[in-house]
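>>> Predicted model follows, preceded by the sequence.
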Amino acid sequence: MSSPTPPPSQQASRPVPSYKAYTGPDPSTIAVQRSKAEAEQYWARMSRKADESVLPVRVNKALGFGGWIAGTIACAYMVLFADFGPREHVFSPVRREYQKLKQSFFTLSPEEQRIVGLQQEPSVEDEAQRRPS
């Protein structure tokens with residue numbers, strides 16, 4: 001039974017070219033392999049450090065909630081108030097509706113103006129003149 005690979009030749013090996021030479025760390029400077037107990041001790045210490053750097057749950061929730069609030073305010077500002085120039089843009093219809101809504105809050109309807117007395121009520125004489133007899 002013969003092996004599928006040929007046996008090594010008796011010739012001396014060629015020198016390795018310098019561009020293919022090993023350039024890694026010096027084997028004498030590599031740390032010795034650690035035991036399982038040392039590795040577990042190291043990872044336990046690292047996990048304690050990781051736990052110390054985590055913010056408390058209440059702070060995380062507040063930061064998350066604050067981020068959503070800040071994002072919502074930024075988007076509302078961009079849609080309703082940011083200056084995109086005089087031309088029509090994608091937010092123009094929303095801005096027109098917002099202006100109508102704002103005007104409805106800060107102006108009185110004709111009926112409300114009449115109740116407050118800002119508008120002249122039609123007098124009886126004017127109505128008599130308007131009605132055909």
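Now that the structure is in, tell me what you want to look at.

>>> Ramachandran coordinates for Gly24?
Main-chain torsions, Gly24, degrees, to the nearest 10: phi -70, psi -170.

>>> can you tell me how far it sits from Ile30?
The spacing between Gly24 and Ile30, counted by CB to CB, to the nearest Å, is 9 Å. From N, CA and C alone the C-beta is placed, and that goes for glycine too.

>>> Longest helix in the chain, please.
Looking across the chain with DSSP state H, the single longest helix is helix 57-80.

>>> In terms of neighbours, single out the busier of Gly24 and Ile30.
Using other CB atoms under 10 Å as the criterion, Gly24 and Ile30 rank with Ile30 on top: 9 against 6.

>>> per-residue confidence at that one?
Note for Ile30: predicted pLDDT of 83.

>>> Contact partners for it?
Listed by CB atoms under 8 Å, 6 or more residues apart in numbering, the contact set of Ile30 is empty.

>>> Against Met46, how distant is it?
Plainly put, Ile30 is 21 Å away from Met46 if you go by CB to CB.

>>> go on, Glu40?
11 Å.

>>> now do His89
Separation of His89 from Met46 (CB to CB): 52 Å.

>>> Stretch 34-45: how far from the chain's middle?
Taking the mean of its C-alpha atoms, stretch 34-45 sits 38 Å from the chain's own mean (CA atoms, centre = their mean, to the nearest Å).

>>> Compute the mean per-residue pLDDT across that stretch, please.
So the average pLDDT for stretch 34-45 ends up being 90.

>>> Can you show me the CA trace of it as CSV?
This file holds the C-alpha atoms of stretch 34-45, laid out as CSV (Å, rounded to 0.1, in the frame of the first residue of the first chain):
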residue,chain,number,x,y,z
ARG,A,34,-2.9,30.7,31.0
SER,A,35,-4.7,28.1,33.0
LYS,A,36,-8.5,27.7,33.0
ALA,A,37,-8.7,29.2,36.5
GLU,A,38,-6.6,32.2,35.5
ALA,A,39,-8.8,32.8,32.4
GLU,A,40,-12.0,32.5,34.5
GLN,A,41,-10.6,35.0,37.0
TYR,A,42,-9.7,37.4,34.2
TRP,A,43,-13.2,37.3,32.6
ALA,A,44,-14.9,37.6,36.0
ARG,A,45,-12.8,40.8,36.6
